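A.B. asks: no sequence for this one, just the structure:
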């Protein structure tokens, strides 16, 4: 069974940092573009960032540019999102998903179960 499992979420104060991880099983991560998507309570999902299979190509939503960094370790079948200078507006459930860009929001692709990030004083 193909599966994505996220971890690393939590509560942090504004300006703080978190590193999210996503481990894939049931398929070889290295053959796919991968992305992070988030959904705040009461809002629709929004695309955050994508990375190509070899990690050389990345893309970010404007609202996270310069603050978040996506990376991957194909040997570990893992995807990461380093989040710095977090803002209360970053509070959301963060999902890793297979695929590239905003198209994954409308496709029936593979998503994880999500990890909650809360930014608050």
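C.D. replies: Okay, I see it. The model shown is predicted, which means the values in this text are computed figures rather than measured ones.
A.B. asks: which residues in the protein form helices?
C.D. replies: Shown for the chain, no helices are assigned by DSSP state H.
A.B. asks: report the central residue of it.
C.D. replies: residue 36 (2.6 Å; C-alpha atoms, centre = their mean).
A.B. asks: show me the contacts for that residue.
C.D. replies: By C-beta atoms under 8 Å, 6 or more residues apart in numbering, residue 36 lies in contact with 20, 22, 48, 49, 50, 70, 79, 81, 94, 95, 96, 97. Every residue, glycine included, has its C-beta placed from N, CA and C.
A.B. asks: just give me the neighbour total for the second one.
C.D. replies: Spelled out, that is residue 22. Counted with other C-beta atoms under 10 Å, the neighbours of residue 22 add up to 25.
A.B. asks: surely it is in contact with residue 112?
C.D. replies: Yes: the pair residue 22 and residue 112 passes the contact test of C-beta atoms under 8 Å, sitting 5.9 Å apart.
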